[in-house]
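Chemist: Quick one: sequence and predicted model below, then my questions.
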Amino acid sequence: MLSIHFIRENKEQVRENLSRRQHAPYLQLFDQLIQDDLEYRKLLQDAEGLRAKRNQLTQQVAKVKDNPIEKQQLVQESKGVGAQIVQTEKRQNELKEKIRSTLMRLPNILEEDVPFGKDDAENVEVKKWGEIKKLDFKPLHHGQIARNIDGVEFERTVKISGTGFFALKGSLALLDMALTRYALDMLMQDGFVPMQPPYMMNRKAYEGVTDLAEFDNQLYKIENENLYLIATSEHPLTAQFMDETLPGSKLPIQLAGISPCFRKEVGKHGLDERGFFRVHQFNKVEQVVICQPNESKTWHERMLQNTEKMMQGLEIPYRVVNVCTGDIGIVAAKKYDIEGYSPREKKYFELMSLSNCTAYQATRLNIKFTNADGSKEYVHTLNATGISNARMLRAILENNQTKEGGILIPKILHPYMYGMTEIPKT
RNA sequence: GGAGAGAUGGCAGAGUGGUCAAAUGCGCCGGUCUCGAAAACCGGAUCCGCAAGGAUGCGUGGGUUCGACUCCCACUCUCUCCGCCA
């Protein structure tokens, strides 16, 4: 969320920035917020004045303890003030809660070059890489290829877990691990520290890192526990610093998260029942950076470079898009998506996503750092896909399929594949 | 799951209704001093307010009271032991 102090000091700029989303309810929320905040501060002053008065009276009571008449008078007066305080506080607390909930719903400030658009169709392509191979056969669906090479179990996982799950086996299970190792090796070269976080997180921590809407349509809740299965390792990796003030010298923090991701995907059309695209569980390596505010833009670009390097290493044709206002969500200030090419559909599909969340998560999570002069400031947080294994497997299967129905393993993964260079149809 | 202990500033740790924003020790940061450092001394939370100033802050939420770190209730978390599972 945005800090109320920031909003007070930059009212016009914030409003102007919000208006770029061309979503009227945000502006209404914002204008109401400004009013509420004014009233809140007025009440705060009233309440504090009353408390000051009561504090005076109670101190006098202590002094005249031995004089029953005087004491009784003061006690009576103080009781009256106490009642006034209770009333003022009631309204004050209502407003406080209202302000907080509005702040939770208002989106982040967008960077200048975020394009306006209704939905993902209006994301702006900023780069395209790779040569699209001409196949002299009809490309297959990745799920079919996976079956052809005996690398997946679909029907049996439906029996035990329902649709939207899959089980990798044999060479594809190894390929999945190879992707993880490849991504980690590359990120470690850039200073990222690998980390396996808990796969469950409590409500408070979760509210700090995600849009509230996600609780209903994305996160699995553990029954009778205050715990949710993580939708990405970004969440625990970032939220772990909740309520901390980090020494400026400890920044930036670079972490490479390794974990499975659990997602309900409620209401999303096209749950891929016989493939790896929109599924309830998949493995992923994630880049997370916690840095000082003036460095976040640079880190955003640097993470993009890492991600592109991975794509290029795997030799998958891709494009980078600058995600538009209608598709960016409330947390990110700027977001790139990397889309891989699908020879079967002859179009690009979402593979990775890189967000600069600026101070938005840090404000919710209360993560600060100390400047050289001792002052405190919110950190900036960024997250980016390292490799989203299931989706990347789809890209590899589709782009590297052979006429014979098998696949060629990308060269860069050979060292991780026990001597295999291809996986033939069985 | 059962039993017990605990939660106070960056850390350790006193404080058991008003004299407590909180002793003491250690650490870190800033300042004074110094050519520089050490030592010594001063300062160090949050919020509202232009300021003067005021309010808040002893795990969280409620209660009792004129007044709560202190008394009562509930909750959360941590630690130790036992049990169970791996």
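Modeler: That came in fine, so what should we check first? Just so we're clear, the structure is a prediction, and the values are computed from it rather than from any experiment.
Chemist: rest of the way, CA atoms for contacts and neighbours
Modeler: Will do.
Chemist: A:Val158: what's it in contact with?
Modeler: Counting by Cα atoms under 8 Å, 6 or more residues apart in numbering, A:Val158 makes contact with A:164-166.
Chemist: Mind putting these into a markdown table with distance to A:Ala384?
Modeler: Shown next, in a markdown table, are these (distance: Cα to Cα, whole Å):
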| residue | distance to A:Ala384 |
| --- | --- |
| A:Gly164 | 24 |
| A:Phe165 | 24 |
| A:Phe166 | 24 |
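Chemist: Quick one, which of those residues are buried?
Modeler: A:164-166 (16 or more other Cα atoms under 10 Å).
Chemist: so after the helix or strand harbouring A:Gly257, what's the next helix or strand?
Modeler: Secondary structure assignment for A:Gly257, by DSSP states H and E: strand A:253-262. Of the helices and strands lying after strand A:253-262 in sequence (DSSP H and E), the nearest is strand A:281-291.
Chemist: what mean pLDDT does stretch A:402-412 have?
Modeler: Regarding stretch A:402-412, the rounded mean pLDDT is 94.
Chemist: Run through who's touching it.
Modeler: By Cα under 8 Å, 6+ apart, stretch A:402-412 touches A:136-137, A:145, A:148-149, A:313-315, A:396-397, A:400-401, A:420-425.
Chemist: Please identify which helix or strand holds the residue of chain A found nearest RNA strand B.
Modeler: Residue nearest to RNA strand B within chain A: A:Ala52 (3.2 Å; Cα to the nearest atom of the strand). Using DSSP H and E, A:Ala52 falls within helix A:24-63.
Chemist: That helix: which residues count as buried?
Modeler: A:26-27, A:30, A:33-34, A:36-37, A:40, A:43-44, A:46-47, A:50-51, A:54, A:57, A:61.
Chemist: just stretch A:238-251 next, same as before
Modeler: Result for stretch A:238-251 [16+ other Cα under 10 Å]: buried residues A:238-239, A:241-242, A:245-246, A:248.
Chemist: Please apply the same query to stretch A:80-90.
Modeler: A:81, A:85, A:88-89.
Chemist: from these, which ones fall inside helices?
Modeler: Among the buried residues of stretch A:80-90, the members falling in helices (DSSP state H) are A:81, A:85, A:88-89.
Chemist: Using TSV, please lay out those together with distance to A:Ser19 and pLDDT.
Modeler: TSV is the format used below for these (distance: Cα to Cα, whole Å; pLDDT from 0 to 100):
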residue	distance to A:Ser19	pLDDT
A:Val81	44	83
A:Ile85	39	85
A:Thr88	34	86
A:Glu89	34	85
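Chemist: so A:Ser78 sits right up against A:Leu57, yeah?
Modeler: Yes. The criterion here is Cα atoms under 8 Å, and A:Ser78 meets it with A:Leu57 at 6.1 Å.
Chemist: burial of A:Glu16, as a residue count?
Modeler: A:Glu16 has 12 neighbouring residues, counting by other Cα atoms under 10 Å.
Chemist: For it, which three-state class applies?
Modeler: Following DSSP: H, G, I helix; E, B strand; the rest coil, we place A:Glu16 in the helix state.
Chemist: Contacts only, for it.
Modeler: With Cα under 8 Å, 6+ apart, A:Glu16 has no contacts at all.
Chemist: Columns distance to A:Ser259, secondary structure and pLDDT on top of the buried ones among the contacts of A:Val158, output as JSON lines?
Modeler: Formatted as JSON lines, these follow (distance: Cα to Cα, whole Å; DSSP: H, G, I helix; E, B strand; the rest coil; pLDDT from 0 to 100):
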{"residue": "A:Gly164", "distance to A:Ser259": "18", "secondary structure": "coil", "pLDDT": "87"}
{"residue": "A:Phe165", "distance to A:Ser259": "16", "secondary structure": "coil", "pLDDT": "90"}
{"residue": "A:Phe166", "distance to A:Ser259": "16", "secondary structure": "coil", "pLDDT": "91"}
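Chemist: can you list those residues in TSV and add distance to RNA strand B?
Modeler: Conversion of the buried ones among the contacts of A:Val158 to TSV gives the following (distance: Cα to the nearest atom of the strand, whole Å):
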residue	distance to RNA strand B
A:Gly164	28
A:Phe165	24
A:Phe166	24
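Chemist: tell me which of these is nearest to A:Tyr360?
Modeler: Nearest to A:Tyr360 among those, counting by Cα to Cα, is A:Gly164 at 31.8 Å.
Chemist: ok, that closest one touching A:Val279?
Modeler: Yes. Using Cα under 8 Å, A:Gly164 is in contact with A:Val279, at 4.7 Å.
Chemist: nearest residue to A:Val266 other than its sequence neighbours?
Modeler: Counting by Cα to Cα, 6 or more residues apart in numbering, the nearest residue to A:Val266 once its immediate chain neighbours are dropped is A:Asn217, at 4.7 Å.
Chemist: how close does the one you found get to A:Pro107?
Modeler: 19 Å (Cα to Cα, to the nearest Å).
Chemist: what about A:Lys335, which SS state?
Modeler: strand.
Chemist: Not counting its neighbours along the chain, what's nearest it?
Modeler: A:Ser355 (4.4 Å).
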